[in-house]
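Trainee: Build the 3D model from these lines:
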Amino acid sequence: MKKIIHDVKGDVILSYQENGYQSLIDQFQKANYINIVTYNINTYEPKTELIKELRKVGNSTPITLVLNIPARRDDYINKKTVQIDQAAVNDAKNKIKYTLNVLERSKFGDLNVYFNFDNHSKLIMTDTVAYIGSQNFSDASKDNFELGLLVNDPREVSKINYRIFEEIKDNSILYATSEYAIVMEEIAEIMRDLLQNIRQDIFTLAGDEPYIPEIEVINIDNAYFPKQKWEEFKELHYRFEDIVDKLVNDYPSEFNKGKAEKKVEQLRDLVEDFASELDELANFMNNREESMMWKKFEQIDIGEDVDSALEGASEYVRNFKHDKFRDIEEIGDELVQSFDDIEQCINDIETVIDEIKDAMINKSVYQNIDLIKNYQ
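Mentor: Take a look at the predicted model:
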């Protein structure tokens with residue numbers, strides 16, 4: 001695997017007895033998020049100066065940390081004696097214990113920890129600046145000669161985040177996070193992987209910038225309804241009902257049940273209205289269009305001109321589709337607006353959840369602990 005981002009511009013920094021990314025640390029308090037990938041950190045509590053900088057960051061700034069545990073091994077068998085290497089086991093046990101103690105979520109605002117036992121890369125970034133180089137997020141690293149690239153262009157930083165950081169995070173195992181992060185990640189996945197994809201499949205951008213502004217339209221010849229995604233979309237409101245029900249049970253005194261349930265009911269109505277307009281077209285394109293074409297082809301094919309017979313059958317289906325579904329194109333503006341309303345309704349549900357963000361952040365969720373503590 002290789003990921004490449006071309007033509008990234010930045011300042012090359014050679015550092016010794018200081019942090020090459022100090023200017024980035026100085027911006028932690030202003031950051032919208034902080035993402036760090038490192039090989040190791042300081043695990044001796046009194047000397048975790050860099051970790052203490054992260055502890056100063058408030059709940060409003062999510063911190064995602066991906067790191068390795070250098071002493072941890074996949075195999076503690078001594079190759080010479082073919083027996084358990086107890087010294088290696090003890091070393092790993094202590095290293096893991098100290099690492100997890102330093103990263104205890106109660107000591108931070110909104111810390112989310114991942115482990116990647118193949119990681120040796122180093123990346124420290126906020127939403128506006130990124131450092132890529134040899135230096136770990138470790139106080140001991142500043143005593144070495146370290147070399148890195150500091151990128152200050154937010155557009156290039158965004159590329160680094162989505163193409164590099166997310167790739168590493170997706171291949172790491174989640175250890176500690178908050179219930180808030182889990183719920184918001186679930187909603188973001190729905191928005192990204194379901195709503196956005198469905199929108200791109202159904203609607204078409206029409207226009208010729210800069211003379212004719214681009215607008216979204218529905219064209220029944222270009223619209224596409226992937227069967228599984230379409231069925232998931234029609235049941236979209238059920239996923240949000242599950243989220244809301246869980247929050248009602250977990251936070252009975254904090255969560256605004258009435259406001260949330262009203263928004264979910266509105267979402268259900270919006271999705272059902274939108275789907276009712278397009279469901280017959282979706283079912284035709286998924287289940288009947290191809291069979292209709294071949295049935296017509298068999299009727300008109302007499303073996304003399306297969307290409308003409310295929311074209312005739314295709315034209316027959318196109319004409320049928322236009323005659324039956326052209327009214328959908330006539331209400332295209334309303335359908336686009338309905339989809340906007342669905343997305344806005346989900347954003348409104350997010351806003352209700354945000355009202356108890358601090359309570360959800362304080363509720364830690366630990367995962368994969370047995371995989372991390374593999375010395376047992």
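Trainee: From here on, just use CA atoms for contacts and neighbour counts.
Mentor: Will do.
Trainee: and Arg239, what are its phi and psi?
Mentor: The main-chain torsion angles of Arg239 are listed as degrees, to the nearest 10 and equal phi -70, psi -40.
Trainee: how much space is there between it and Asp341?
Mentor: Shown here: Arg239 relative to Asp341, a distance of 17 Å by C-alpha to C-alpha, to the nearest Å.
Trainee: same thing with Asp201?
Mentor: Taken as C-alpha to C-alpha, the span from Asp201 to Asp341 is 18 Å.
Trainee: Would you mind measuring the gap between the ends of stretch 280-300?
Mentor: Start-to-end span of stretch 280-300 (C-alpha to C-alpha) is 27 Å.
Trainee: Any buried residues in stretch 88-107, and which?
Mentor: The neighbour-count check on stretch 88-107 (16 or more other C-alpha atoms under 10 Å) flags Ala88, Val89, Ala92, Lys93, Lys95, Ile96, Thr99, Leu100, Val102, Leu103, Arg105 as buried.
Trainee: residues near Glu214, how many?
Mentor: 13 (other C-alpha atoms under 10 Å).
Trainee: Output the helix or strand containing it as PDB, restricted to C-alpha atoms.
Mentor: Following DSSP states H and E, the helix or strand that holds Glu214 is strand 212-218. The C-alpha atoms that make up strand 212-218 are tabulated as PDB, following Å, rounded to 0.1, in the frame of the first residue of the first chain:
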ATOM      1  CA  ILE A 212     -24.900  28.900 -16.100                       C
ATOM      2  CA  PRO A 213     -24.900  28.100 -12.300                       C
ATOM      3  CA  GLU A 214     -24.800  24.400 -11.500                       C
ATOM      4  CA  ILE A 215     -28.000  23.100  -9.900                       C
ATOM      5  CA  GLU A 216     -29.200  19.600  -8.800                       C
ATOM      6  CA  VAL A 217     -31.800  18.000 -11.000                       C
ATOM      7  CA  ILE A 218     -33.300  14.600 -11.300                       C
END
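Trainee: Any stretches of the stretch 251-376 of the chain with poor pLDDT?
Mentor: When residues are selected by pLDDT under 70, those of the stretch 251-376 of the chain lie in 376.
Trainee: Which stretches in it count as helices?
Mentor: Secondary structure of the stretch 251-376 of the chain (DSSP state H, counting those that start in this stretch): helices at 257-283, 289-300, 306-330, 332-354, 357-362, 369-372.
Trainee: For those, give me CSV that also has mean neighbour count.
Mentor: Listed next are the helices of the stretch 251-376 of the chain as CSV, based on neighbours: other C-alpha atoms under 10 Å:
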stretch, mean neighbour count
helix 257-283, 17
helix 289-300, 16
helix 306-330, 15
helix 332-354, 17
helix 357-362, 19
helix 369-372, 13
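Trainee: Next up, phi/psi of the residue sitting furthest away from the middle of the chain, please.
Mentor: Checked against the mean C-alpha position of the chain, the extreme residue using C-alpha atoms, centre = their mean is Glu304, at a distance of 54.5 Å. Dihedral angles phi and psi of Glu304 (degrees, to the nearest 10) take the values phi -90, psi -40.
Trainee: List the residues that contact it.
Mentor: The contact partners of Glu304, taken as C-alpha atoms under 8 Å, 6 or more residues apart in numbering, number zero.
Trainee: Please tell me how far it sits from Thr126.
Mentor: The spacing between Glu304 and Thr126, counted by C-alpha to C-alpha, is 67 Å.
Trainee: Phe255 now?
Mentor: Computed with C-alpha to C-alpha, the distance linking Phe255 and Thr126 is 30 Å.
Trainee: Tell me the secondary structure of Leu65, please.
Mentor: The local conformation at Leu65, judged by DSSP: H, G, I helix; E, B strand; the rest coil, is strand.
Trainee: before we move on, what SS does Trp135 have?
Mentor: For the record, residue 135 is Gln, not Trp. Of the three states, Gln135 takes coil according to three-state DSSP.
Trainee: thought it was touching Lys122?
Mentor: Yes - with contacts defined as C-alpha atoms under 8 Å, Gln135 counts as touching Lys122 at a distance of 6.5 Å.
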